[in-house]
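# I would like the atomic coordinates for the input below:
(2 chains)
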Amino acid sequence: MPHTKRRRLVTTAVAVSLGATALAACGSEDGSKAESGPVSLTYWTWTPGMDKVVDLWNKGPGKKDQITVTVKKQASGDTLVTKILTAHKAKKAPDLVQAEYQALPTLVSNDALADISGEVGDVKDKFAEGVWQQTTLGTDAVYAVPQDIGPMMFYYREDLFKQYGLKVPTTWEQFAETARRLKKKAPDKDLTTFSANDSGLFAGLAQQAGAKWWTTSGDKWKVGIDDAATQKVARFWGGLVKEGVVDNQPMYTPSWNKALNTGKQIAWVSAVWAPGTLNTAAPDTKGKWAMAPLPQWSLDQDVTGSWGGSSTAVTTDSAHKEAAAKFATWLNTDHDALNALAKEGGIYPASTSAQLSGAFSNPPAYFSNQADFYTRAAGIAKTTAPSAWGPNVNVAYTSFKDAFGAAAKNKSDFAAALKTMQDDTVADMKKQGFEVSQ
Amino acid sequence: MSTLAVRKAAPAAGTTPGTAQGPPLRRRIALIPTVTLLLGAIYTLLPVAWVVIASTKSGHELFSTFTFLPGTGFADNLKDLDAYRDGVYWTWMGNSALYAGLGALLSTAVSAFSGYALATYRFKGRETMFNVLLAGVLMPPVILAIPQYLLLAKADLTDSYLSVLLPQILSPYGVYLARIYAAAAVPADVVEAGRMDGASEWRIFTRIALPMMIPGMVTVFLFQFVAIWNNFLLPYIMLSDDERFPLTLGLYTLLEQGANTPALYTLVITGAFLAVLPLIALFLVIQRFWSLDLLSGAVKS
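Below you'll find the predicted structure:
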């Protein structure tokens, strides 16, 4: 909560100072210069161990091309987007930034990211189409190179499922049935929780159901947060919470960790990066979990959503866009770079060729009982539904936390919360000057 | 007359032996305030106790053992924190000490000068200036962070030590406090006497007024030190190089490692625990200056 509050203050402060921006904006020179001689680039990233990966570049291909990259480690999240935009208003954004996919439209609509289609166009084939599409925003331009992805999966306690005679659900209907059966057999336990703190999870679930939250037609945006697919997801989880068969407490809190570690919650709808989180949250249950594809809305479907994932983008403030794009390409497609990223940063690569090699030929230590973990993960990653992000995802996410937070706590109507989220998002877009069609 | 004013204004000056001892009846009534204060103390100290105890737990014990049961991992936590990115934590600690120490010192100096001037001299626009300052007290520093960033960006000072130090040197609250304190603690008669004896204004300020203002200035220093030590938004916007980060920002990067990387809870908790130690030490050391009541008897009324 303090985090959210702080973010809002930042946003407000940005809004307040927009007037001052006009002053700061003048006196900047045009960014493009001839590429000759040594170049040094700065890179804002939150990936742990990125400095070691960049060292490989500085000592290898970077040395040859006289392009030196300096890592400036940042905290991740919406606040970083605000920080990049603030720096951009002063024309002082770094050359390269790490950005989550859902932040790209925000950054692009503020003219912070450069179109690097001329430099990176030929690496398109290294990524799944749904992933690449997120960096183009459906245009001919390319605003980033995909780095990591977070295809969603279903995690469950294998031993406890057996103990309570539960079957791994393949549809959401079965999922609800499983939650009810568990509640009957062990009233003090929950299958999982609906976390109103994690907007990304809800967005991923809606994405799986086929929701398209932001779409454009011509110059107009259409916001579809309150569409039929998302309503279905909201009703489903709202029903489970109201029934009392899943918990309503947020994730990533000490008590959530405890619930996982002690087996009070026995499943988790998460993404490919879950092993790392489980290792911290539930160290005592190592080797007792298993991974399965996300339950489907109908039996003939095979799709998943995504939760998390990020890309490397070049800013419009960079004086060396070509060099920066070269580095971004190397970082996310080179075999050695991706290996180092997996080892040092623990990321799951967006590049399809890297998903089964090197660090991903063996299962994560936490899932040593599931030898084909990464083979299955790569298969699931291919089924990721396309996503549709818009220029104010942060506003929608904040509204989600407020509206769904209250609804989950009071076990009240999720449909009303969804309506609030839609209205807040549309109102904010209109305020920002976007044309929104009803 | 003026002695009384000093007594009232100096925070610890009231605890003279005469007033502390009341009749027995009065002491019994004091039970309610005592209980209230005790409850308040528990309310504020419980989270601190949590941090202290949690910092002794290993990652394994953190969420699995009883909350207030000390763990066994303190030494390992310290070692991990020390090893994290080649000991960058200590760089953050040093940065915080620099920002807070130097920043608070400069801020106290500016507050003392301006507070004394506002209290002692009569000049045109004095009240207007003071009212503007009062408005500044009401303005949350958060609002100013981004304009300050944009201004410093024009001067090419962002991402430097100066970018965090400069905006924190002028503290409207410090000036306000210094004026109130100077007005109460430095009697006009003493200043006048100094002038009669032929001392320069500078000498009167440094040799006579400043020593009398010390308890108040210590308060300003402490307030400003704690404010800078705990400040988040200004350094967050100003700095991008994590070698220049203060503790608040450094610990934040440990928490927000990306959606797919778990927060380094044990490191953050141990780091937060170590981060409050200098503040506690500072309070213990500086506390005695508060009771300093120098020269309070200089003027006989």
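# right, is the longest helix along chain B up against chain A?
For chain B, the helix with the greatest residue count under DSSP state H is helix B:88-120. No. Helix B:88-120 lies out of reach of chain A by CB under 8 Å from any CB of the partner chain, never closer than 8.8 Å. Using the backbone N, CA and C atoms, a C-beta is placed for each residue, glycine as well.
# what is the mean pLDDT for stretch A:162-182?
For stretch A:162-182, mean pLDDT rounds to 96.
# List of residues touching it?
Residues from elsewhere that reach stretch A:162-182, judged by CB atoms under 8 Å, 6 or more residues apart in numbering or on different chains: A:154, A:156, A:160-161, A:185-186, A:189-192, A:236, A:239-240, A:243, A:245-246, A:266, A:290, A:292-293, A:295-299.
# Try it again at 7 Å.
A:156, A:161, A:185-186, A:189, A:191, A:236, A:240, A:245-246, A:292, A:295-297, A:299 (CB atoms under 7 Å, 6 or more residues apart in numbering or on different chains).
# buried stuff in that stretch?
A:164, A:166, A:168-169, A:172, A:174-176, A:178-182 (16 or more other CB atoms under 10 Å in any protein chain shown).
# Regarding A:K222, what is its secondary structure?
With DSSP: H, G, I helix; E, B strand; the rest coil as the basis, A:K222 sits in strand.
# Equivalent analysis for A:A371, please.
Quick answer, by three-state DSSP: A:A371 is coil.
# So it is in contact with A:P363, correct?
Yes. Between A:A371 and A:P363 there is a contact under CB atoms under 7 Å: 5.8 Å.
# So which of those two has more stuff around it?
The residue with more neighbours, out of A:A371 and A:P363, is A:P363; 19 against 11, by other CB atoms under 10 Å in any protein chain shown.
# ok, and the closest non-adjacent residue to that one?
Spatially, and ignoring its direct neighbours in sequence, A:P363 is nearest to A:F373 (3.7 Å; CB to CB, 6 or more residues apart in numbering or on different chains).
# My guess is that neighbour contacts A:M291. True?
Yes. Counting by CB under 7 Å, A:F373 does reach A:M291; the two are 6.2 Å apart.
# For these two, indicate the residue with more neighbours.
Per other CB under 10 Å, whichever of A:F373 and A:M291 has more neighbours is A:M291, with 25 against 21.
# May I have the strands that pair with the strand or helix carrying the more buried one, each with its orientation?
In this structure, A:M291 sits in strand A:289-293 according to DSSP states H and E. According to DSSP bridges, strand A:289-293 has the following sheet partners: strand A:145-157 (antiparallel).
# For the partner strand, list the C-alpha coordinates in CSV.
Output in CSV follows, covering the C-alpha atoms of strand A:145-157 (Å, rounded to 0.1, in the frame of the first residue of the first chain):
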residue,chain,number,x,y,z
VAL,A,145,13.5,-5.8,-28.3
PRO,A,146,11.7,-8.5,-26.2
GLN,A,147,13.8,-9.7,-23.3
ASP,A,148,11.8,-12.0,-21.0
ILE,A,149,8.3,-13.3,-21.0
GLY,A,150,6.0,-14.7,-18.3
PRO,A,151,3.6,-17.3,-19.8
MET,A,152,1.1,-18.3,-17.1
MET,A,153,0.8,-21.7,-15.6
PHE,A,154,-0.9,-23.6,-12.8
TYR,A,155,1.2,-24.7,-9.8
TYR,A,156,-0.1,-27.1,-7.2
ARG,A,157,1.1,-29.2,-4.3
